[in-house]
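Chemist: Next input, structure requested:
(chains A and B)
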Protein chains: 2
Amino acid sequence: MTTEAKPTSRERLLEAAATLTYRDGVGIGVEALCKAAGVSKRSMYQLFESKDELLAASLKEGAASFVAGLLPPAGDGRSPRDRILHVFERVAAQAAEPGFQGCRYLAVQIELKDRSHPASRVARRIKRNLLTFFRTEAEQGGVSDPDLLARQLLLVFDGASARAGIGADNLKGLIAPTVVTLLEAAGLR
Amino acid sequence: MTTEAKPTSRERLLEAAATLTYRDGVGIGVEALCKAAGVSKRSMYQLFESKDELLAASLKEGAASFVAGLLPPAGDGRSPRDRILHVFERVAAQAAEPGFQGCRYLAVQIELKDRSHPASRVARRIKRNLLTFFRTEAEQGGVSDPDLLARQLLLVFDGASARAGIGADNLKGLIAPTVVTLLEAAGLR
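Modeler: Numbers count the residues shown, from 1 in each chain, chains lettered A, B, ... in the order given. This is a model prediction of the structure:
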């Protein structure tokens, strides 16, 4: 016997939306989502206004674990350079895991092709937080153009996850030298 | 009166597939494709085995203009460094055009999430040719690790087009300094 609370219909729908859209894309049908969650369509529409809203909510729900999986803990005493490199070590590690299909927040925006879609908005916001992390670290490190470095790092982040996600590059021996080169050119040693 | 040949059904289908999948994604229906091309479904299935095959053929058809729009002419007398930078100037220019949604060959692979799909195979092959271009130029430029530089450049290419395609970055002041930093670190001055 377990004392864990059984996941609610809402939680099961969020989980199904996260898993199935990541694996199959945003075109996944409501039927398939409800079936995977073991929830009736009627219940789904009582909990979420639309599939679009369910998708947006599932992305928002995943933001905390996205951040925890990538970013170093706040104030861990490491240098900005090491804290930035931590993120890219995590990307390389995630890319080596089975089922990796790249950054879900990039994929969703590419797939939806609609910047005003509620899920695109959520995805954009979450990635902007990553940009802010890079910018803050760059600033802490005394980089003269922290905006440029932050944009470069997010470009590398998205390029690397996308190329690994489609199986075009395994990132081995690629990501660390690329990031180090950009950090050093920015004066972050 | 014009002496231009009227496009055939096949040409109109290839054009519709290219335009609509780029704008709306690979989930676009056969009905919509046939309607845009002004071709009956019956005719479509006489010309192409499936929508998947039509999509793959339209990507293949677009490869020549993809290459012409990005790569410098062979043997134009410029240095490898300038020939590589040419590609990224073109990316920046394309990204500023209305309707830009990133590299179609990356998007299709991200959307399909199926590496054995005929369209994924075509897209992968076309991008591999771009990798080969970078590698050849790096080699010509006497770079000690041309493989690494080529992978870095394609990572920047995909990251930049993806981020511009979703409207997250306009690439202004970003792409040239990033590429120049990587070229210089590789010894390509």
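Chemist: residues in contact with stretch A:167-185?
Modeler: Identification of contacts with stretch A:167-185 by CB atoms under 8 Å, 6 or more residues apart in numbering or on different chains yields A:81, A:84-85, A:88-89, A:91-92, A:95-96, A:149, A:152-153, A:156, A:160, A:163-164, A:189, B:109, B:115, B:124, B:127, B:148, B:151-152, B:154-155, B:178, B:181-182, B:184-185. All C-beta spots, glycine's among them, are computed from the backbone N, C-alpha and C.
Chemist: Which members of the residues you listed are positioned in helices?
Modeler: A:81, A:84-85, A:88-89, A:91-92, A:95, A:149, A:152-153, A:156, A:160, A:163-164, B:109, B:124, B:127, B:148, B:151-152, B:154-155, B:178, B:181-182, B:184-185 (DSSP state H).
Chemist: in chain A, what residue is nearest chain B?
Modeler: Residue of chain A nearest chain B, by CB to the nearest CB: A:G159 (2.5 Å).
Chemist: Hmm, that residue is touching B:L153, no?
Modeler: No - checked against CB atoms under 8 Å, the pair A:G159 and B:L153 is beyond contact range at 10.0 Å.
Chemist: In ChimeraX, how would I select the buried members of the ones in helices among the contacts of stretch A:167-185?
Modeler: Only the buried entries of these go into this ChimeraX selection, using 16 or more other CB atoms under 10 Å in any protein chain shown:
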select /A:81,84,85,88,91,92,95,149,152,153,156,160,163,164 /B:109,124,127,148,151,152,154,155,178,181,182,185
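Chemist: List of residues touching the helix or strand where A:L14 lies?
Modeler: A:L14 is part of helix A:9-24 when elements are defined by DSSP states H and E. Residues outside helix A:9-24 that contact it (CB under 8 Å, 6+ apart): A:7, A:28, A:32-34, A:36-39, A:43-44, A:47-48, A:54-55, A:57-59, A:61-62, A:99, A:101, A:104, A:107-108, B:113.
Chemist: so A:I166 makes contact with B:Q109?
Modeler: Yes - using CB under 8 Å, A:I166 is in contact with B:Q109, at 4.1 Å.
Chemist: joint contacts of the two?
Modeler: B:115, B:120, B:124.
Chemist: contacting residues around the last one?
Modeler: Translated: B:R124. Listed by CB under 8 Å, 6+ apart, the contact set of B:R124 reads A:166, A:168, B:105, B:109, B:115.
Chemist: same question, the second one
Modeler: For B:S120, the contacting residues are A:166, B:108-109, B:112, B:114, taking CB under 8 Å, 6+ apart as the criterion.
Chemist: try it again with 10 Å
Modeler: Contacts for B:S120 (CB atoms under 10 Å, 6 or more residues apart in numbering or on different chains) come out as A:166-167, B:26, B:52, B:55-56, B:59, B:105, B:108-114.
Chemist: Among the residues you listed, name the ones in helices.
Modeler: Per DSSP H, the subset of the contacts of B:S120 in helices is B:52, B:55-56, B:59, B:105, B:108-112.
Chemist: which one of those is nearest chain A?
Modeler: Among those, and counting by CB to the nearest CB, the member closest to chain A is B:Q109, at 4.1 Å.
Chemist: ok, for A:D147, nearest residue in space, not its chain neighbours?
Modeler: Of all residues not flanking A:D147 in the chain, A:R135 sits nearest, at 6.5 Å (CB to CB, 6 or more residues apart in numbering or on different chains).
Chemist: element containing the one you found?
Modeler: Applying DSSP H and E, one finds A:R135 within helix A:118-140.
Chemist: how far does that helix sit from the chain's center?
Modeler: 10 Å (CA atoms, centre = their mean, to the nearest Å).
Chemist: Same question for stretch A:173-186.
Modeler: Stretch A:173-186 sits 21 Å away from the centroid of its parent chain (CA atoms, centre = their mean).
Chemist: what is the mean pLDDT for it?
Modeler: Mean pLDDT, computed over stretch A:173-186, is 98.
Chemist: Repeat that for stretch A:30-43.
Modeler: Stretch A:30-43 shows a mean pLDDT of 98.
Chemist: what's the span of that stretch from first residue to last?
Modeler: 12 Å (CA to CA, to the nearest Å).
Chemist: what does it contact?
Modeler: Applying CB under 10 Å, 6+ apart, the contact partners of stretch A:30-43 are A:7-17, A:19-21, A:24, A:28-29, A:44-48, A:50-51, A:54-55, A:58.
Chemist: Recalculate using a threshold of 8 Å.
Modeler: So stretch A:30-43 is contacted by A:9, A:12-13, A:15-17, A:19-20, A:24, A:44, A:51, A:54 (CB under 8 Å, 6+ apart).
Chemist: Filter those residues down to the buried ones and express that as a PyMOL selection.
Modeler: In PyMOL syntax, the buried subset of the contacts of stretch A:30-43 is picked out as below (16+ other CB under 10 Å):
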select buried, chain A and resi 9+12+13+15+16+17+19+20+44+51+54
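Chemist: any idea how far A:R12 is from B:A32?
Modeler: Distance of A:R12 to B:A32, computed by CB to CB, to the nearest Å: 33 Å.
Chemist: do the same with A:L183
Modeler: 47 Å.
Chemist: and the two? which has more neighbours close in?
Modeler: Set A:L183 next to B:A32 and count neighbours by other CB atoms under 10 Å in any protein chain shown: A:L183 wins out with 22 against 12.
Chemist: which regions of chain A sit below the pLDDT cut-off?
Modeler: For chain A, the stretches with pLDDT under 70 are A:1-3.
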